Every structure is written in C-alpha cells, then in structure tokens.
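Enquirer: Please work out how this folds:
(one chain, ligands or ions: 1)
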Amino acid sequence: MSGPFCDVCGTGTTVGVFCVPMVAMSVAYCQQCIDANAHPWDIVVGNTACIGSLDQANDEWREIVECTCRHLKRTMAEFNAAVTVSAENLDRAFEAMEEAREKTGDEDPFGLP
Ligand SMILES: [Zn+2]
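Expert: Purely as a prediction, here's the structure:
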C-alpha cells in the first residue's frame, strides 16, 4: 500500500508509513492527512462496520471518522451509507463461511489453527 502518494488522500506526498489508530494496519500518510487526523476511507468505513455502527464507537474513533470525512470532503450521510454496504458485505462473507462449513463438515473450512 505504500508508494509515492498518500494512501489517505491519494495526492499528497508520502512522508512515512504509520499504523492506523486502533486498526492492525499501516499505510502511507502525507503531512496534511497526519495533521488532519485523517485516515484511509475504506479502512475507516470497514472498521466501523466491524464494530456494528458508529453508535458503538468510542470517542476517539468518532473523532477519527469526523476528521476523515472533513478532510476528504465527504458527508456523514456518505459515510453511513458506505458503512451499511460494508456491513452487508461482511454479512455475506460470514454466510458464505457458514455454507462452506456446512458443505465440508469441517469445523474450520479455512484451516486456521
Ligand atoms: Zn494525504
């Protein structure tokens, strides 16, 4: 994910690769996105879907969402719509996992230890 351009805004020049707060992932940031506390849209959306909704988030995560939307000039309505789509995709992935489990009879169709 790291290249000459920022993984958050896509246009700023990367100044380093840093951990996304509260997410086990590191991405390239430009100085403007660091200063704005903005983080990659898809990661912010996906992580919010994983916890259920923004209503389930703590204050630090809510601030990250607000700062990211503001810096990327996206609305909360856009954000909430994207979280809904992401949550639906997660549900489908879990259903597919359950179907695979039923088909194979395996406890863990992905062979995880
Ligand atoms: Zn940036």
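
Enquirer: any low-confidence regions in this protein?
Expert: For the chain, residues meeting the criterion pLDDT under 70 lie at 1-3, 107-113.

Enquirer: Show me what from it comes close to the ion.
Expert: With Cβ under 5 Å from the ion as the criterion, the chain meets the ion at residues 6, 8-9, 12, 30, 33. Every residue, glycine included, has its C-beta placed from N, CA and C.

Enquirer: switch to 8 Å and redo it
Expert: 5-12, 29-34, 38 (Cβ under 8 Å from the ion).

Enquirer: isn't residue 63 right next to residue 39, touching?
Expert: No. Counting by Cβ atoms under 8 Å, residue 39 is not a contact partner of residue 63; they are 10.9 Å apart.

Enquirer: Compare those two (neighbour count), which wins?
Expert: Per other Cβ atoms under 10 Å, whichever of residue 63 and residue 39 has more neighbours is residue 39, with 27 against 13.

Enquirer: Would you agree that one falls within a helix?
Expert: No. Using DSSP: H, G, I helix; E, B strand; the rest coil, the secondary structure at residue 39 is coil, not a helix.

Enquirer: Just list the residues touching it, thanks.
Expert: 8, 20-21, 23, 27, 33, 64, 68 (Cβ atoms under 8 Å, 6 or more residues apart in numbering).

Enquirer: Please apply the same query to residue 8.
Expert: Applying Cβ under 8 Å, 6+ apart, the residues near residue 8 are 27, 29-30, 33, 38-41, 68, 71-72.

Enquirer: Show me how to select, in PyMOL, the buried members of those residues.
Expert: Buried residues among the contacts of residue 8 (16 or more other Cβ atoms under 10 Å), as a PyMOL selection:
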select buried, resi 27+29+30+33+38+39+40+41+68+71+72
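
Enquirer: Next, format the contacts of residue 8 as a markdown table and append distance to residue 54.
Expert: Converted to a markdown table, the contacts of residue 8 look like this (distance: Cβ to Cβ, whole Å):
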| residue | distance to residue 54 |
| --- | --- |
| 27 | 21 |
| 29 | 23 |
| 30 | 25 |
| 33 | 20 |
| 38 | 16 |
| 39 | 14 |
| 40 | 17 |
| 41 | 14 |
| 68 | 12 |
| 71 | 17 |
| 72 | 16 |
